[in-house]
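> Okay, sequence plus prediction incoming.
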Amino acid sequence: MDIYFITGTDTDAGKTVAACGFVQYLVNSGRKVAVMKPVASGCEMLDGQLKNSDALALMKVANIKQPYQQVNPYTFEPAIAPHIAAAEKAVEININRLQKTVDEIRQIGADVLVIEGAGGWQLPLSNTFFMPELVEQLSAKVILTVGLKLGCLNHALLSAQSIQASGCELAGWIAVQTDETPMPRQKENLETLISILKSEPIATLPYMPGWQSQNFAGKFSLVH
Ligand SMILES: Nc1ncnc2c1ncn2[C@@H]1O[C@H](COP(=O)(O)OP(=O)(O)OP(=O)(O)O)[C@@H](O)[C@H]1O
Ligand SMILES: C[C@H](N)[C@H](N)CCCCCC(=O)O
Ligand SMILES: [Mg+2]
C-alpha cells in the first residue's frame, strides 16, 4: 500500500482541498483509496460521536468504505493545537495506536492511503512527539500544500527543508489559491516556488467556491 501524507505550509493552507483533489485523482486512475485524518481538533458532536469536517470530506471522496473511528482515531472539540486539546482531556496521542490503525487499513484492501496532517509539518502531538515521527515510521511520501499568500515562499522552503531533515521524501507539492482574490503577483510567486522547490507542482488549484461538490481530478498530473 502506498501512503501519501498531505502536509501544508500552515493551518488553513488548503490541505483538505488538496487532499480531496488528490484522492479524486487517484480514484479516477483506478486505485482503491482509503483516507485518514489521524488527529483532528475542531470537531463537533454528530450522531453521538465527535466528528471533524476534514475527515468527513475525505471519506466522501474515497472509494473504500471505512468506519469513522478508523479514519479519525483522535478527535478533540476545541479548534486549538491538538496536543493542548489532548492534555486538557488527559488523552495521550499514541503512535502505536496510529500505526495499528494504518495496519488495519492495509487489511481492508486499500492500495493507496491518503493521510491529511493538521497544521503545518512540525505539529506537536505531545511534549516530546511530533507528527513527522509518525510520517517517517510509516515511510509515507509527503506532499506539501502551499497556500498562495504573502509569506508562502519562506514557509514553503522551511517546510521542504524540514521534511527532508526528518528523513522523509517530498514527493510533490500542490499550490492552492485559498482566497477569492489571488495574492499579489501570484504568477511570479508560483515561478519562485517552482525554483525554490525544484519541481513543478502536481496541481495548481484555483479558488473554487463549493469545492466540496466538485471533481477536480483533472487538475492533477502524475506523481511517483
Ligand atoms: N481552492 C479553494 N477554493 C475555495 N475555498 C478554499 C480553497 N482552498 C481553501 N479554501 C477554504 O479555505 C479554508 C482553509 O482551507 P483548508 O480547510 O483546506 O485548510 P487546511 O490546511 O486543511 O486547514 P487545517 O489545518 O484546519 O486542516 C477552508 O474554509 C476552505 O474551504
Ligand atoms: C484547528 C485548526 N484548524 C487545525 N486543525 C489545528 C492547527 C494546529 C496548529 C498548531 C500550531 O502549529 O500552532
Ligand atoms: Mg484540513
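Structure's in. What do you need? Ligands and ions are numbered 1, 2, ... in the order given.

> so where is this protein shaky, pLDDT-wise?
Counting by pLDDT under 70, the chain has low-confidence residues at 224.

> What residue in it comes nearest to ligand 2?
Going by C-beta to the nearest ligand atom, ligand 2 is nearest to Gly119 of the chain, at 3.1 Å. (Glycine included, C-beta is placed from N, CA and C.)

> what number of residues lie near that residue?
For Gly119, the neighbour count with other C-beta atoms under 10 Å is 19.

> what's the answer for Gln161, then?
For Gln161, the neighbour count with other C-beta under 10 Å is 12.

> Name the helix or strand for it, please.
Here Gln161 sits within helix 152-165, counting by DSSP states H and E.

> list the buried ones in that helix?
Neighbour counts using 16 or more other C-beta atoms under 10 Å place Cys152, Leu153, His155, Ala156, Ser159, Ala160, Ser162, Ile163 of helix 152-165 among the buried residues.

> Between helix 152-165 and the helix or strand just after it, find me the angle.
Sequence order places strand 169-176 as the next helix or strand after helix 152-165, per DSSP H and E. Interaxial angle, strand 169-176 versus helix 152-165 (axes from the mean of the first three to the mean of the last three C-alpha atoms, to 10 degrees): 160 degrees.

> any residue of strand 169-176 up close to ligand 1?
Yes: residues of strand 169-176 contacting ligand 1 under C-beta under 6 Å from any ligand atom: Val176.

> Same question for stretch 177-194.
Yes: Stretch 177-194 is in contact with ligand 1 by C-beta under 6 Å from any ligand atom, via Gln177, Thr178.

> close to ligand 2, is that stretch?
No: remark: stretch 177-194 sits outside contact range of ligand 2, by C-beta under 6 Å from any ligand atom, the gap being at least 12.8 Å.

> got the end-to-end distance for that stretch?
In terms of C-alpha to C-alpha, to the nearest Å, the two terminal residues of stretch 177-194 are separated by 16 Å.

> Name the residues of it that are buried.
By neighbour count on 16+ other C-beta under 10 Å, the buried set for stretch 177-194 is Gln177, Thr178, Met183, Asn189, Leu190, Leu193.

> quick one: it to chain centroid distance?
Stretch 177-194 has its C-alpha centroid displaced from the chain centroid by 20 Å (C-alpha atoms, centre = their mean, to the nearest Å).

> hang on, Leu50 in a helix?
No: under DSSP: H, G, I helix; E, B strand; the rest coil, Leu50 sits outside any helix and is assigned strand.

> about what we covered before: where's the residue of the chain closest to ligand 2, which helix or strand?
Under DSSP H and E, no helix or strand contains Gly119.

> If you count contacts, what does whichever strand or helix holds Lys60 end up packed against?
Per DSSP H and E, Lys60 falls inside helix 53-61. On a contact count with 3 or more C-beta pairs under 8 Å, 6 or more residues apart in numbering; DSSP states H and E, helix 53-61 meets helix 15-28, strand 33-36, helix 68-71, strand 112-116.
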